[in-house]
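>>> For reference, the sequence and a predicted model appear below.
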Amino acid sequence: MVLDRYIARSVSVGCFMASFVMLSIFAFVDFVSQLNSVGTGDYGALQAAVFVMMQLPQRLYDLSPSILLLGGILSLGAMAANSELIVMRASGISTMRITRSVLQTGLLLAVLVALLGEYLVPSTTRMAKAYRAEALEKKLIVGGSNDIWARDGNRYVNVKQILPDRQLKNIRLYELDDNRRLASIIHAEHAQYLNDEWVLDKISRSDISTEGVSTSFEKQLKMKRLILLELFTVLELESKDMSAAELLTYSEYLQENKLDDGEYKLAFWIKVFTPLTCLAMLLIAMPIVFSTTPRSGGVGQRLILALLIGIVYFVINRSINHLGLALNIAPILSAAIPLTLVVLVSLFFMRRVN
C-alpha cells in the first residue's frame, strides 16, 4: 500500500539520520578516549581511528533502541508538524492503522538489528581488539577474526577462540629449536589460567626429529607461560559482545562445571529481547508524535524528549539488570521487565491518544 511505503521510507530515513548523528558523536568520544594509548608501540592516531571504525557495528547495536526511538520521533514528528498525520486521520485512517505501518517497518529494522548482533558484532569486535593489541604490543599476528597468533621466544602460539575468565579453545603451540627448525607441535582443545599457571586439557604432542615424527597423548599439561595475560585482557570479549549462540554455549559449559552462569544467561536474554526493545521504542514514539501539532513546538523539543526517554530507559534497564543479578532473579525476568514496562507505558498513552 502507498501509505505503508511512505511511512516506511520516512521512518527508515529518520533512523538513518539518527544513526549517523549518534555514531558520529560516539565515534568522536571513543577516538578521544584512545588518545591516551597513541604513541605506544605502533599505535598511532591512524590506528586509533581504524580501531574506532571497526567498533562501530558494536556501537550501532548498543544504540539501536535509542536510534529507533530518535528516528521515529524525528520522522513521524516531522509528519505531524507538517499536518500529514492530521490529514491521514481526517481521511479515515485510524491511529492503530498508522501505528501498524510504523511497526511493520520497525519489524524489518529489528530483524536487521538481530542479525547485526548475532553475526557482525562478535567478529568485528574480535578483529578490532586483535588489531589494537597487535599495534600496542607488537607481539601478535592476526590471521583472521578468530585466529590469534602470539610469540614467546622460540614458541609460537595459535589460539582459535578466546573465552571469558581466562579461557582458550583450540590451541596449537609450535616450538622451534636453536637452529630455528620446527621441533614439536602441541595441540590442546581447551586451556585455562588457574593458580598462576596455564592448564591445558586433551593434549596431542608431535615431536619432530631427523628420525621422524613421534606422537603422544596426554590428558593434561601445565605451563607457566602461554600468552601474556595483558594481551589476554585486551582480546577477551565481554559478554555483551558475544553472539547469542556463543552465550548459550558458554552458559551451558559453566552449568556443566557448576559455575555461576548468571551474567551470560542475562546477556543471552538481553540479546533475545533487544530487537523487541527496538520495536517497543518505536511504539513509545507513537503517542508523542500523535500529540504533536504544527503549533506544539519544533524539532528541538522532540529531540530533548527523545533524549530524556532514552536516558531514563537506559538507567532503569541497567538498574533492573544488575539488581536481578544481585538478587539472583531469573535472567529472563531481569531482561524482560524493562521491555514490559516500555510496552505497558506505550499502550497506556496510546489509549489516551485514541
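Looks like it came in fine.

>>> Ramachandran angles for V38?
Backbone torsions for V38, taken as degrees, to the nearest 10, come to phi -60, psi 130.

>>> again, but for K258
Note on K258: backbone dihedrals following degrees, to the nearest 10 are phi 60, psi 40.

>>> pLDDT at it, what is it?
Among the per-residue scores, K258 holds a pLDDT of 75.

>>> Could you measure from it over to G106?
Taken as C-beta to C-beta, to the nearest Å, the spacing of K258 relative to G106 amounts to 41 Å. Placement of C-beta: from N, CA and C, glycine included.

>>> Looking at the two, which has the bigger crowd around it?
G106 (26 against 7; other C-beta atoms under 10 Å).

>>> what's the helix or strand for the more buried one?
Under DSSP states H and E, the secondary-structure element containing G106 is helix 95-115.

>>> N158 is in what secondary structure piece?
Assigning secondary structure by DSSP H and E places N158 in strand 155-163.

>>> Listing request: residues of the stretch 101-250 of the chain with sub-threshold pLDDT.
Of all residues in the stretch 101-250 of the chain, those with pLDDT under 70 make up the ranges 137-147, 228-237.

>>> looking at this protein, which residue lies furthest from center?
Centroid-distance maximum for the chain: E211 at 50.7 Å, with C-alpha atoms, centre = their mean.

>>> Quick check: phi and psi on that residue?
Main-chain dihedrals, E211, degrees, to the nearest 10: phi -90, psi -10.

>>> who's in contact with it?
With contacts defined as C-beta atoms under 8 Å, 6 or more residues apart in numbering, E211 is in contact with no residue.

>>> For it, give its distance to A135.
Using C-beta to C-beta, E211 is found at 42 Å from A135.

>>> Same question for Y253.
When distance is defined by C-beta to C-beta, Y253 is 32 Å away from A135.

>>> more crowded one of these two?
Neighbours of Y253 and A135, each counted by other C-beta under 10 Å, are more numerous for A135; the result is 20 against 16.

>>> And the top helix by length along the chain, what does it pack against?
Ranked by residue count, the top helix of the chain under DSSP state H comes out as helix 2-34. Judged by 3 or more C-beta pairs under 8 Å, 6 or more residues apart in numbering; DSSP states H and E, helix 2-34 is in contact with helix 45-54, helix 56-81, helix 95-115.

>>> Please, where are all the helices along the stretch 101-250 of the chain?
Taking DSSP state H, counting those that start in this stretch, the helices of the stretch 101-250 of the chain run over residues 121-137, 229-235, 244-256.

>>> before we move on, back to that, and the longest helix of the chain, how far out from the chain middle?
If you compare the mean C-alpha spot of helix 2-34 with that of the full chain, they lie 17 Å apart, counting by C-alpha atoms, centre = their mean, to the nearest Å.
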